[in-house]
Structure formats: structure tokens, C-alpha cells
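Participant: coordinates only, sequence not included:
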């Protein structure tokens, strides 16, 4: 079992709780993933089994303990229902850049939940992780996802490609980025000064 630092608390918004993924979430995450959602994501294949979800959760918890990822399960505060996933992880080979991934199960789409979750996760990532830029890759016909990057104030980087291990191929996408606000950079630097070494 991976022990996470005490500085990774859950984030609460008006309706939601964003908390680090746990082993117990594997069945719910596997149950939410379907073909329609999978085809919008680079690294979530379909069918998606409980063991696959458990393996992912184990891996992201290790990354979270090393401050390389913030892997959040999105949970509804009213009833504890697991609704989806949002993660922010350092880009391979680019420690100052993080990649944003997000999705909701079918039953939870269209209610503004991701519009509530994404800004909270991004603020937390900029405050906790020493990253200067956040990027997201979105399929050009994914209107809901494009709405989220616009809500976050992300700027278009234009057309590009992304490797999709879920389908074993490169695919076309639109890239977006958001730079860390200057005041947030100062706060992150201050927080780093009080972190014990080795955390």
C-alpha cells in the first residue's frame, strides 16, 4: 500500500469532492468506463476491467507520492457516488509541464460537474506541483471537452498529434495550454521552502 503525504488532502467544491484515487475505487471506475468515453481518451482502453483499474490506481498513487501526479476521483458529496476522473501529471521528459486528463461517466454528464471540478483541480495543481504550464489534448469534435479548456482559460496551440496507447496509434488532436499565474508561482515557491526534504 502506498502511503501518501499529508499535504494531499481532498478538495471540496459546492457539490463535489476530489480525492486521490484509492484501491476501493477500482470497481466503480471500471463500471463507468464505456466505449464512447474510451474513444475520447488516449490511455483508457475499452473494455476496461477491475484489475486494469486497480493497476492504474496503484501506479498513480506511487506517482502522487512522488509529486508527479494528482490523480483525483470525482465524487458527489451528497451521496458519495464516484462519477469520474481528473488527473494532472507531469509530462514525460518535461518536469515543468503537466498534462490534464478528465472524464465523467454517462449518467453524470450534462450537469456542470466537470465545470466545477476542473478549475478546482487546476488551482490545486499549480499550488502544489512545481509546474509552469498545463496542457491538454482534445479531439476537434469533442464539444464538451473543448468547453472545459475554454472555461479554464487555456490558449490554443493549434493542431497536433498524440500517442494513444489505448488504441496503439497516433491520433490528431487540438493542443491547449495554460501558464501558471505569477501570483501562484510565488505561492508555490514559498510552499516548497517549508517542505521537509525528501517529500
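Facilitator: It's in. This is a predicted model, so every value here is computed, not measured. Residues are numbered from 1 along each chain as shown.

Participant: count of residues packed around the closest residue to residue 57 other than its chain neighbours?
Facilitator: Leaving aside its chain neighbours, residue 57 sits nearest to residue 21 (4.7 Å; criterion: Cβ to Cβ, 6 or more residues apart in numbering). Just so you know, the C-beta spots here come from the backbone N, C-alpha and C atoms, and that holds for glycine as well. Counted with other Cβ atoms under 10 Å, the neighbours of residue 21 add up to 23.

Participant: Would you mind measuring from residue 81 to residue 53?
Facilitator: Noted for residue 81: a distance of 16 Å to residue 53, by Cβ to Cβ, to the nearest Å.

Participant: Between these two, which is the more surrounded one?
Facilitator: residue 53 (23 against 13).

Participant: tally of neighbours for residue 50?
Facilitator: Residue 50: 13 surrounding residues under other Cβ under 10 Å.

Participant: I figured it was touching residue 25, is that so?
Facilitator: No - Residue 50 is not in contact with residue 25 according to Cβ atoms under 8 Å; the separation is 10.2 Å.

Participant: Now list whatever residues contact both of these two.
Facilitator: Residues touching both residue 50 and residue 25 (Cβ atoms under 8 Å, 6 or more residues apart in numbering): none.

Participant: Contacts only, for the residue nearest to residue 57.
Facilitator: Each residue near residue 21 by Cβ under 8 Å, 6+ apart is listed here: 29, 56, 57, 60, 61, 71, 72, 73, 85.

Participant: can you do 7 Å?
Facilitator: 57, 60, 61, 71, 73 (Cβ atoms under 7 Å, 6 or more residues apart in numbering).
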